[in-house]
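**Q** structure, please.
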Amino acid sequence: MDSKKIIELVIIFAILLVSARVANEFAAQSVDDSLERNEDGVIIGAETFYIDNNSTKSVLLLHGFGANPFSFQEMSTFFSDLGYNVYSPRLPGHGTSGFDLEKYSWKDWEAESERAYLSLRENSEEVYVLGYSMGGDLALNLAKKYDIDKLVTMNAPYHLLTKLKYAIPIAYISQSYTIDILFKGTDREKKSKKYKIYPVLPIKSFSDLLELVTNTKIDLESIEEDILIIQSKQDTLVDPESANTIYRRVSSKNKRLVFLEYSDHIEIEEYDKEVTSQALKEHLK
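**A** Residues are numbered from 1 along each chain as shown. You can find the predicted model right below:
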């Protein structure tokens, strides 16, 4: 093949890549606009919240990747009814737009979780930390650094099921965003609206999530806090074996592992609410 044909092929390939990225960004913008936002650009219902029950005990709730405090709408009421102060911060880049998310890294999410924990610690005799999905990894990392009174992880990733982790370098060449990683099927837009979770996620941010998971795996043996590990058996994003691995590696003397039979990664409060509530009550008493 002569040099002229090679150059022509390179140009054609470059044009195809640019076209693919433009089409991807257009499709991503169209899907991202499906969530209703307030005048500040925050998804309605996704705001940071704090419930003050004038208690000496507080619960910090850390949400997952692409999600926001809305994930804890029912759980916050559960903890509040038990008399705890409840705080759930909106992590950087979350609760606004998938396009906003890629401006931040996992270190920003970790820094915000640490700030939130320390703010509760100032006025609380006891602080319990519950992390859901990615928030579970953030909670584990907090426990490596601070003396948390009690720890809960729910569907925390140690092993991931999604195949995108193997294709990030290739995928990023042709597209900046992925549309179907959290929700698949024809009803994905409906589910995104229901749970107020991003329908669009930046490839770059998914790479950040993988870095966080890798960092979380380091020195888990240093964790000695009382810990409750909850995992959905039907999880399609996090390998349920993650829970067993975390359970084996932490050094906690008081540790409990609870598997949920019916819920997937997101729908715990719909299908396994009673089991989850009972386990939480027993752990925090």
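**Q** the closest residue to Ile51 other than its chain neighbours: what's it in contact with?
**A** Computed as C-beta to C-beta, 6 or more residues apart in numbering, the closest residue to Ile51 that is not its neighbour in sequence is Val86, at 4.2 Å. To be clear about C-beta, it is placed using only N, CA and C from the backbone, and glycine gets the same treatment. By C-beta atoms under 8 Å, 6 or more residues apart in numbering, Val86 lies in contact with Phe49, Tyr50, Ile51, Asn53, Ser58, Val59, Leu61, Phe72, Ser76, Phe79, Ser80.
**Q** for Asn215, see how far away Val86 is.
**A** Look at Val86 and Asn215: by C-beta to C-beta, to the nearest Å, they are 27 Å apart.
**Q** same deal with Tyr87?
**A** In terms of C-beta to C-beta, Tyr87 sits 24 Å off from Asn215.
**Q** these two - which one has more neighbours?
**A** Taking neighbours as other C-beta atoms under 10 Å, Tyr87 and Asn215 compare with Tyr87 leading, 24 against 15.
**Q** bridged to the more buried one, which residues?
**A** Assessed by DSSP bridges, Tyr87 has beta-bridge partners Tyr50, Leu60.
**Q** where do the helices sit along the stretch 151-285 of the chain?
**A** Listed in chain order, the helices of the stretch 151-285 of the chain (DSSP state H, counting those that start in this stretch) span 164-174, 188-195, 203-216, 241-249, 268-271, 273-284.
**Q** okay, those in TSV with distance to Ala111 and mean pLDDT next?
**A** Converted to TSV, those look like this (distance: least, C-beta to C-beta, whole Å; pLDDT from 0 to 100):
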stretch	distance to Ala111	mean pLDDT
helix 164-174	24	55
helix 188-195	25	68
helix 203-216	12	92
helix 241-249	23	98
helix 268-271	27	76
helix 273-284	26	95
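**Q** mind putting those in CSV, distance to Glu114 included?
**A** What follows is the helices of the stretch 151-285 of the chain, written out as CSV (distance: least, C-beta to C-beta, whole Å):
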stretch, distance to Glu114
helix 164-174, 26
helix 188-195, 26
helix 203-216, 13
helix 241-249, 20
helix 268-271, 25
helix 273-284, 22
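**Q** what about Ser222, neighbour count?
**A** Burial of Ser222 is recorded as 12 neighbouring residues (other C-beta under 10 Å).
**Q** that one and Thr216 touch, don't they?
**A** No: if you go by C-beta atoms under 8 Å, Ser222 and Thr216 don't touch, sitting 11.9 Å apart.
**Q** and the end-to-end length of stretch 116-128?
**A** Counting by C-alpha to C-alpha, to the nearest Å, you get 12 Å between the two ends of stretch 116-128.
**Q** centre of the chain to that stretch, how far?
**A** Distance of stretch 116-128 from the chain centroid (C-alpha atoms, centre = their mean, to the nearest Å) equals 22 Å.
**Q** quick one: contacts of it?
**A** Contacts to stretch 116-128, defined as C-beta under 8 Å, 6+ apart, come from residues 55-60, 62, 84-85, 87, 89, 129, 142, 146, 148-152, 284.
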